[in-house]
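J.: Mind folding the following:
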Amino acid sequence: MKFKINKFLKAMEGSWISQKTTYYLKTNQICCSQFNYIIKRNKTLRNNSNAGELNCLEFYDTNNKKKDYYHFGPTNQDNLGFITQHSNENLDDYKYSIYKHDCLKIEYKAANVEYIEYIYAINETFTTNVSLLKKANQYMAISFSSNIKTPALSKQ
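T.: All right, here's what the predicted structure looks like:
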């Protein structure tokens, strides 16, 4: 059975609390942070294709009061596509693939910088992420985060 991106994105909707740890390989520095965010569908960025409005998600960081928008555009293959991030008048393009039935792999490449993130949906209320940052084919940082879905954190 093929895994569809809409099912994964629908599971991402809701209020979340996240604990993130980043390890910088060159400096052996460890940074930890905790933040809250809300993910919901966004109808205003809906594209004109038949992909539907579910493919556009709004990411709202409740700590920084910052919104980012992500449009998941499909390709001819069910488990591959592109993500366009809309934030502060900048547009960044990523590639996604369904790595396993419960894992979304996101990739970004520009010049000599490469970013890879794996988002594992453990169940409906718990996800974990592993992110890798490479520059000139050398790993610069690795990040781990755990995300727990909570009751609504706040109204926007």
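J.: roughly how far is stretch 126-144 from the heart of the chain?
T.: Remark: stretch 126-144 is offset 13 Å from the chain centroid, using Cα atoms, centre = their mean, to the nearest Å.
J.: any idea which element residue 6 lies in?
T.: helix 5-12 (DSSP states H and E).
J.: same question for that helix, mean pLDDT?
T.: Averaging pLDDT along helix 5-12 yields 79.
J.: in that helix, what's buried?
T.: Buried residues in helix 5-12, defined by neighbour count with 16 or more other Cβ atoms under 10 Å: 5, 8, 9, 11, 12. For every residue, glycine as well, the C-beta is placed using N, CA and C.
J.: now stretch 136-145
T.: Buried positions in stretch 136-145, judged by neighbour count with 16+ other Cβ under 10 Å: 140, 141, 143, 145.
J.: Out of these, which is nearest to residue 41?
T.: residue 145 (22.6 Å; Cβ to Cβ).
J.: Enumerate every residue touching the closest one.
T.: Neighbouring residues of residue 145 by Cβ atoms under 8 Å, 6 or more residues apart in numbering: 18, 19, 20, 21, 128, 129, 131.
J.: what's the most distant pair in these?
T.: Spatially, the most separated pair among these is 19 and 131, at 13.8 Å (Cβ to Cβ).
J.: Among the two, which residue is more densely surrounded?
T.: Comparing residue 19 with residue 131 by other Cβ atoms under 10 Å, the one with more neighbours is residue 131, at 17 against 13.
J.: The more buried one reaches residue 143, doesn't it?
T.: Yes - when contacts are counted by Cβ atoms under 8 Å, residue 131 is listed as touching residue 143 (4.1 Å).
J.: And the strands in the protein?
T.: Along the chain, counting by DSSP state E, strands occupy 14-24, 29-41, 56-61, 66-74, 80-87, 90-100, 103-110, 113-123, 126-135, 138-150.
J.: Most distant residue from the centre of this structure?
T.: Note on the chain: the largest separation between a C-alpha and the mean C-alpha position, by Cα atoms, centre = their mean, falls on residue 27 (26.2 Å).
J.: State the phi and psi torsions of that one.
T.: phi -100, psi -10 (degrees, to the nearest 10).
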